[in-house]
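Colleague: How does the following fold in three dimensions:
(2 chains)
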Amino acid sequence: MTEKTTMQAIARMVPPGSRVLDLGCGDGAMLSYLQRERGCSGYGIEIDDANVLACVQRGVDVIQLNLDEGLAMFGDASFDVVLQIDTLQHLRNAEVMLRETARVGRTGVVAFPNFAHWPNRLSVLRGRMPVTRRLPYQWYDTPNIRVGTYKDFEVLALKNHLRVIDAFGLQDGRAVRWCPNARAGTAVFHFEHV
Amino acid sequence: MSFIATPQTMHFPEVLPLQSGASLRDYHLAFETYGTLNPDASNAVLVCHALNASHHVAGVYEGQDKSEGWWDNMIGPGKPVDTDKFFVIGVNNLGSCFGSTGPMHPHPDTGEVYGADFPVVTVEDWVNAQARLLDRLGITQLAAVLGGSLGGMQALSWTLQYPERVRHAVVVASAPNLTAENIAFNEVARRAIVTDPDFHGGHFYRHGVIPKRGLRIARMIGHITYLSDDVMNEKFGRSLRAPTLPEGAGPARGGPAPDLRDYLYSTQDIEFQIESYLRYQGDKFSEYFDANTYLLITRALDYFDPARGHGGDLTQALARATAKFLLVSFTTDWRFSPRRSREIVKALLDNRRHVSYAEIDAPHGHDAFLLDDARYMSVMRSYFDSIAKEFA
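Modeller: Numbers count the residues shown, from 1 in each chain, chains lettered A, B, ... in the order given. Okay, the predicted model is just below:
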């Protein structure tokens, strides 16, 4: 998910100069890119020691926190954009974190593996859980504690009173706007609180 | 074997007004420096010390093998705070018993030893004194101020008292103020000292005695709180020290079975290993630490609270700080818990300051900030490397 084209596709949703909070920021590549290319500022949140270290090495401000403990540290609408790139599927309280994202950010961007992508469907039709480039784990040792689809997220967003500003699929770094639920390995949603 | 460090002293004839309203004059500060100051004085790092430490931060003293500075694992050539790049200054605080003017020194007016009459000093007073030392050294702005525990409080205070003089503040295992529990531990330690019959209201020097019993207990209490339960269990467990058999006991003399030796109840002898360790630490401490200094420094800890002047609002208090921050805490530190570091992080976030925060999952409790944990050392190294890039 760190491929440059994918990163660029998501970064395009972040207005230049915005204040960004990146939940589960990994090695800080995205924030570093946003700072460098789009004049953004902000912080990454990360739990993993090696990733925290990588952020410090890159000069990205990083706060080591467990997202499942919530975002109490951050005030309402204190960021222009809150990113949740490939993070949702690892969270125990995914819905709570989605609401927190909408509270802390004026807008939010969520990206996660779309389980309804056709190769996954095919695999399940054949009776096996998919193992793909996007979902490279066996069902018994995956760090993704939940799987969801593009369509599922539309329903969740509605339930949580989120207005979707833009939504598309991502496949091989390209935006998929026609039938994204079947045709894209990644679902991307840009939303704001109603 | 580390490099050779040389302690220095600087005399300050001018008056230093203190927060209490009192003042000090004709005082001196003990300090050490390592590395070379850049021609534009851009690479200076000030290291603030914690309760029982001093200006001897790194290196060893000539001809003394086991005299490493207290942060020798962190500071030196090629170490996380690399003295090949940085000019590091360790300074001993006023009121200490390690070289700077303190209760063991004579009052300039009377020539009498200060003793209990040494004025109350605060974290802010220390920072003011440190600022004067930097003036003399020709350093207008620090690349970084660094400290752990009480040293972290000084680092934080630097960013509020002299915001324009600090580019980075590294605050390790610290807190924006002490909790009531922390103050309570300090108070028990202080009561141990002041109720020692040898304390003589703090003027024990005149009587040629030292309140050693009180100091021992103070140190034992402190030491317990610096470790974690797990580490203490791992190090000492419940193992009993080999007991000496009372007369006529033991199977060889036809006495009771050997397992009864486990219950030689005594209030005087050492039975458990942990007791032996604490007594050893307490004894050692009472040999070299000054009782009045202990009282002064624990009071400075208790008083520190930058939010006090802002109705308890830390966010408002830290609005003055413009430095970039790195905060580090340790998960098993219950004396300065991660929650306390997060309060500082939150206040900085609220003020939209540059801040990074590492919460190291280390087992060692508060003491972890002095120990070698690979993750901790790497974060410090990376952060200081990035600071060094700013003036390289």
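Colleague: Flag the shaky bits of chain B, pLDDT-wise.
Modeller: B:1, B:242-265 (pLDDT under 70).
Colleague: residue ranges for the strands of it, please.
Modeller: B:8-12, B:16-17, B:23-24, B:27-34, B:44-48, B:75-76, B:81-82, B:87-91, B:144-148, B:168-172, B:324-330, B:355-360 (DSSP state E).
Colleague: From the contact counts, what lies against the first one?
Modeller: Meaning strand B:8-12. strand B:27-34, helix B:123-137 (3 or more Cβ pairs under 8 Å, 6 or more residues apart in numbering or on different chains; DSSP states H and E). Where C-beta positions appear, they are placed from N, C-alpha and C, glycine not excepted.
Colleague: so that strand versus strand B:27-34, what angle?
Modeller: 150 degrees (axes from the mean of the first three to the mean of the last three Cα atoms, to 10 degrees).
Colleague: now do the last one
Modeller: Note on geometry: by the same axes, to 10 degrees, strand B:355-360 and strand B:27-34 are set 80 degrees apart in direction.
Colleague: Give me the buried stretch members for strand B:355-360, please.
Modeller: Neighbour-count burial for strand B:355-360 flags B:Val355, B:Ser356, B:Tyr357, B:Ala358, B:Glu359, B:Ile360 (criterion: 16 or more other Cβ atoms under 10 Å in any protein chain shown).
Colleague: ok, residues contacting it?
Modeller: A:43, A:49, A:52, A:55-56, A:61-65, B:324-331, B:338, B:341-342, B:345, B:348-349, B:368, B:373, B:375-376, B:379, B:383 (Cβ atoms under 8 Å, 6 or more residues apart in numbering or on different chains).
Colleague: got a list of what the residue of the stretch 151-300 of chain B at minimum distance from chain A touches?
Modeller: Closest to chain A within the stretch 151-300 of chain B is B:Val170: 11.4 Å, counting by Cβ to the nearest Cβ. The contact partners of B:Val170, by Cβ under 8 Å, 6+ apart, come to B:Ala144, B:Val145, B:Leu146, B:Gly147, B:Ala155, B:Phe325, B:Leu326, B:Leu327, B:Val328, B:Met380, B:Tyr383, B:Phe384.
Colleague: Redo these as a markdown table? Include distance to A:Arg99.
Modeller: Below are the contacts of B:Val170 laid out as a markdown table (distance: Cβ to Cβ, whole Å):
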| residue | distance to A:Arg99 |
| --- | --- |
| B:Ala144 | 39 |
| B:Val145 | 39 |
| B:Leu146 | 39 |
| B:Gly147 | 39 |
| B:Ala155 | 36 |
| B:Phe325 | 29 |
| B:Leu326 | 31 |
| B:Leu327 | 27 |
| B:Val328 | 31 |
| B:Met380 | 36 |
| B:Tyr383 | 33 |
| B:Phe384 | 39 |
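Colleague: Run through those and flag the ones next to chain A.
Modeller: Filtering the contacts of B:Val170 for neighbours of chain A using Cβ under 8 Å from any Cβ of the partner chain leaves B:Leu326, B:Tyr383.
Colleague: and chain A, which residues reach chain B?
Modeller: Neighbours of chain B within chain A, by Cβ under 8 Å from any Cβ: A:19, A:41, A:43, A:49, A:52-53, A:55-57, A:59, A:61-65, A:73-75, A:78.
Colleague: Mind doing that once more with 7 Å?
Modeller: Within chain A, the positions near chain B by Cβ under 7 Å from any Cβ of the partner chain are A:49, A:52-53, A:56-57, A:59, A:61-64, A:73-75.
Colleague: Restricted to buried residues, select these in ChimeraX.
Modeller: To isolate the buried members of the residues of chain A next to chain B in ChimeraX, using 16+ other Cβ under 10 Å:
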select /A:49,52,53,56,57,59,61,62,63,64,73,74
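Colleague: Tell me which two in the residues of chain A next to chain B are the farthest apart.
Modeller: A:Gln57 and A:Gly75 (28.6 Å; Cβ to Cβ).
Colleague: for the strands of chain B, which one sits closest to A:Met13?
Modeller: Ranking these by distance to A:Met13, with Cβ to Cβ as the measure, places strand B:355-360 first at 25.3 Å.
Colleague: buried residues in stretch B:349-356?
Modeller: B:Leu349, B:Asp350, B:Asn351, B:Arg353, B:Val355, B:Ser356.
Colleague: what distance separates the start and the end of it?
Modeller: Start to finish, the residues bounding stretch B:349-356 are 10 Å apart (Cα to Cα, to the nearest Å).
Colleague: how far out from the middle of the chain is that stretch?
Modeller: Its chain's C-alpha centre and that of stretch B:349-356 lie 26 Å apart, by Cα atoms, centre = their mean, to the nearest Å.
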